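Trainee: give me a 3D structure for the following:
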Amino acid sequence: MTKVHFIAIGGSVMHQLAIALKNKGYQVTGSDDEIFEPALSNLQQAGILPATTGWDATRITPDLDAVILGMHAREDNPELIKAREMHLKIYSFPEYIFQESKNKTRVAIGGSHGKTTTTAMVMHALQYNHQAFDYLVGAKLTGFAQSVNITDAPVIVCEADEYPASVIEKRPKFHFLHPQIAVLTGIAWDHINVFPTYDIYKEQFAIFIRQMEPGQVLIYNAGDAELVALVTATGGHLQLLPYGLPKHTIEQGVTRVYFGDHSTALEVFGDHNLLNLHAAKLVCNQLGVSDADFLAAIASFTGAAKRLELVAKNEHCVIYRDFAHAPSKVKATMEATKHQFPQRKLIAVLELHTYSSLNADFLEQYDHALDTADIAVVFYSKHALEIKRMPDLAPELIAQRFGRNDLQVFNNREKLEAFLSAQNYQDTNLLLMSSGTYDGLDFSKLKELLPNN
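Mentor: Presented below is the predicted three-dimensional model:
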């Protein structure tokens, strides 16, 4: 029996891989210094929750076939030190995914934005059409029990993240997947704590392209000039499939998309989602799914968690929650909402929560990012700055960086809630964008903002 030990098993994706391997019949053990929900209950239910928290070098034994190292583990971790001393095979998460999928058709979906949604669309279409596949995705998806699955399926679909793989393996995660079919959705500078310049960030995508074997398939967004230039310079050895905005119509708030003689109405909307959809269709075509079968499936796709997620609605107002935080994502999400409801006013609330967005210098990238909104609000938490050990931000500086004199800036949740309660939502939509929680905002109460008549 294959024996695997996870160092930092409590991670959001790490614990999902641990459960998947347990379900495959492997003997799985793990450790962590803290494990929170939902990982705690998930691991307990699977029977692999560590009996005690903390690190213990005696857990590392010579009969282990693999040690999988999570991002949370540090280089001085006693279990890692012991595993190195014993010359055991130590893998970062993506390195191990590759080990498990060497004999599969590997699909890797990368890019600075749209990775999760495009991956989710492919998964939804394959499942709908009864194709067996494994997967790795960074969000909870409707219809899938977990976010990682490893079986004996012939295909694996992976969301391909550019963040470093582990504390001892600084290269980006997506460099380890070696796909036969790849998607790149676009390039927009992110993760400045790891990639301090745009050129360094962009080079990670060039490496990804150069690593692909001759004749393999690269599906790329032809509307991203930077990406097109990169693909032209580095992708000559590949089968290149560009994609763009597909033919579509919008009537009474419902988008219909067309491919050849086939069309369907969609549950999702926005140019960014239509681009994601086109990329997903091309992937599915490569895996043997026809346009007609893809459209039959995608008609029931409702989106990944926190991607234009519906919080509340009536005939006068819709409230959405979205994961958007990088400048390009913020613009795309707002434009989609405005385009879908052109007659309605838009109130947009952006939380600065990531390391990049809370950096005073990087904030210049947000210049005019909120211009689409009729009323624009930025929220940031002093607690988030403290946790990241970053200096305080002045509200005046934030307004200046966004290039908007009427920008409302809050760093207190109660004041934000009071502001939202004071607005008129008649023929108005509210869009909340963040990878955080607005310092504990109760989203279930937002439905009380909907106008009654």
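Trainee: which of the helices or strands spans the closest residue to residue 371 other than its chain neighbours?
Mentor: Among residues not flanking residue 371 along the chain, residue 404 sits closest, at 6.9 Å (Cβ to Cβ, 6 or more residues apart in numbering). Any C-beta I mention is one placed from the backbone N, CA and C, and that applies to glycine too. Assigned by DSSP states H and E, residue 404 belongs to neither a helix nor a strand.
Trainee: what segments of the stretch 51-200 of the chain are strands?
Mentor: 66-69, 90-92, 105-110, 134-136, 148-149, 155-159, 181-184 (DSSP state E, counting those that start in this stretch).
Trainee: among these, which comes closest to residue 382?
Mentor: Shortest separation from residue 382 across these is recorded for strand 155-159, at 32.0 Å, computed as Cβ to Cβ.
Trainee: that closest one vs strand 105-110, what angle?
Mentor: Angle, strand 155-159 to strand 105-110, by axes from the mean of the first three to the mean of the last three Cα atoms, to 10 degrees: 10 degrees.
Trainee: go through strand 155-159 and flag the buried ones.
Mentor: Judged by neighbour count (16 or more other Cβ atoms under 10 Å), strand 155-159 contains these buried residues: 155-159.
Trainee: with just CA atoms, put it into PDB.
Mentor: Only the C-alpha atoms of strand 155-159 are listed here, as PDB (Å, rounded to 0.1, in the frame of the first residue of the first chain):
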ATOM      1  CA  VAL A 155      -7.800  12.900 -17.900                       C
ATOM      2  CA  ILE A 156      -7.000  15.500 -15.200                       C
ATOM      3  CA  VAL A 157      -8.200  19.100 -15.300                       C
ATOM      4  CA  CYS A 158      -6.100  21.500 -13.200                       C
ATOM      5  CA  GLU A 159      -6.400  25.100 -12.300                       C
END
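Trainee: mind listing the helices for the stretch 1-150 of the chain?
Mentor: With DSSP state H, counting those that start in this stretch applied, the stretch 1-150 of the chain shows helices at 14-23, 39-46, 78-85, 93-100, 115-128, listed in chain order.
Trainee: lowest-confidence stretch among the ones you listed?
Mentor: Note on the helices of the stretch 1-150 of the chain: lowest mean pLDDT is at helix 93-100, with a mean of 91.
Trainee: for this protein, name the helix or strand with the lowest mean pLDDT.
Mentor: Every helix and strand of the chain was ranked by mean pLDDT, DSSP states H and E. The lowest is helix 382-387, at a mean of 79.
Trainee: who's in contact with the residue nearest the centre of the chain?
Mentor: Nearest to the mean C-alpha position of the chain, by Cα atoms, centre = their mean, lies residue 116 at 4.3 Å. Residue 116 makes contact with 137-139, 159, 304, 307, 323, according to Cβ atoms under 8 Å, 6 or more residues apart in numbering.
Trainee: what do you get if the cut-off is 6 Å, keeping everything else the same?
Mentor: Remark: with contacts taken as Cβ atoms under 6 Å, 6 or more residues apart in numbering, residue 116 is in contact with 138-139, 159, 304.
Trainee: and it, how close does it get to residue 40?
Mentor: Remark: distance between residue 116 and residue 40 (Cβ to Cβ, to the nearest Å) = 24 Å.
Trainee: next one: residue 87
Mentor: Distance of residue 87 to residue 40, given as Cβ to Cβ: 33 Å.
Trainee: residue 57 too?
Mentor: With Cβ to Cβ as the criterion, residue 57 and residue 40 are 23 Å apart.
Trainee: who does the longest strand belonging to the chain pair up with?
Mentor: Assignment by DSSP state E gives strand 345-352 as the longest strand of the chain. Using DSSP bridges, the strands paired with strand 345-352 are strand 375-380 (parallel), strand 428-433 (parallel).
Trainee: taking the contacts of residue 116 together, which two end up most distant?
Mentor: 159 and 304 (9.8 Å).
Trainee: for the buried residues of strand 155-159, which one is nearest residue 3?
Mentor: Within those, proximity to residue 3 (Cβ to Cβ) peaks at residue 156, which comes in at 22.2 Å.
Trainee: measure how buried the closest residue to that closest one other than its chain neighbours is and give me the count.
Mentor: Nearest non-adjacent residue to residue 156, counting by Cβ to Cβ, 6+ apart: residue 134, 4.1 Å away. Residues lying near residue 134 (other Cβ atoms under 10 Å) number 21.
Trainee: touching, residue 134 and residue 153? I think so.
Mentor: Yes: assessed by Cβ atoms under 6 Å, residue 134 is found in contact with residue 153 at 4.9 Å.
Trainee: list residues touching both of these two?
Mentor: Shared contacts of residue 134 and residue 153 (Cβ under 6 Å, 6+ apart): none.
Trainee: circling back to that earlier point, export the strands of the stretch 51-200 of the chain to TSV and tack on distance to residue 411 and mean pLDDT?
Mentor: Formatted as TSV, the strands of the stretch 51-200 of the chain follow (distance: least, Cβ to Cβ, whole Å; pLDDT from 0 to 100):
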stretch	distance to residue 411	mean pLDDT
strand 66-69	36	95
strand 90-92	36	92
strand 105-110	34	97
strand 134-136	36	95
strand 148-149	36	94
strand 155-159	32	96
strand 181-184	36	97
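Trainee: which residue ranges form the helices in the stretch 251-400 of the chain?
Mentor: Remark: helices assigned in the stretch 251-400 of the chain by DSSP H, counting those that start in this stretch are 271-286, 291-298, 327-340, 382-387, 395-402.
Trainee: alpha carbons only: can I get the longest one in CSV?
Mentor: What it means is helix 271-286. Output of helix 271-286 as CSV, limited to C-alpha atoms (Å, rounded to 0.1, in the frame of the first residue of the first chain):
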residue,chain,number,x,y,z
ASP,A,271,-17.5,39.5,-21.4
HIS,A,272,-15.0,37.9,-19.1
ASN,A,273,-17.3,34.9,-18.6
LEU,A,274,-18.0,34.6,-22.3
LEU,A,275,-14.2,34.6,-22.9
ASN,A,276,-13.8,31.9,-20.2
LEU,A,277,-16.6,29.9,-21.8
HIS,A,278,-15.0,30.1,-25.3
ALA,A,279,-11.7,28.8,-23.8
ALA,A,280,-13.5,26.0,-21.9
LYS,A,281,-15.3,25.0,-25.2
LEU,A,282,-12.0,24.6,-27.0
VAL,A,283,-10.6,22.5,-24.2
CYS,A,284,-13.7,20.3,-24.3
ASN,A,285,-13.4,20.0,-28.1
GLN,A,286,-9.9,18.7,-27.6
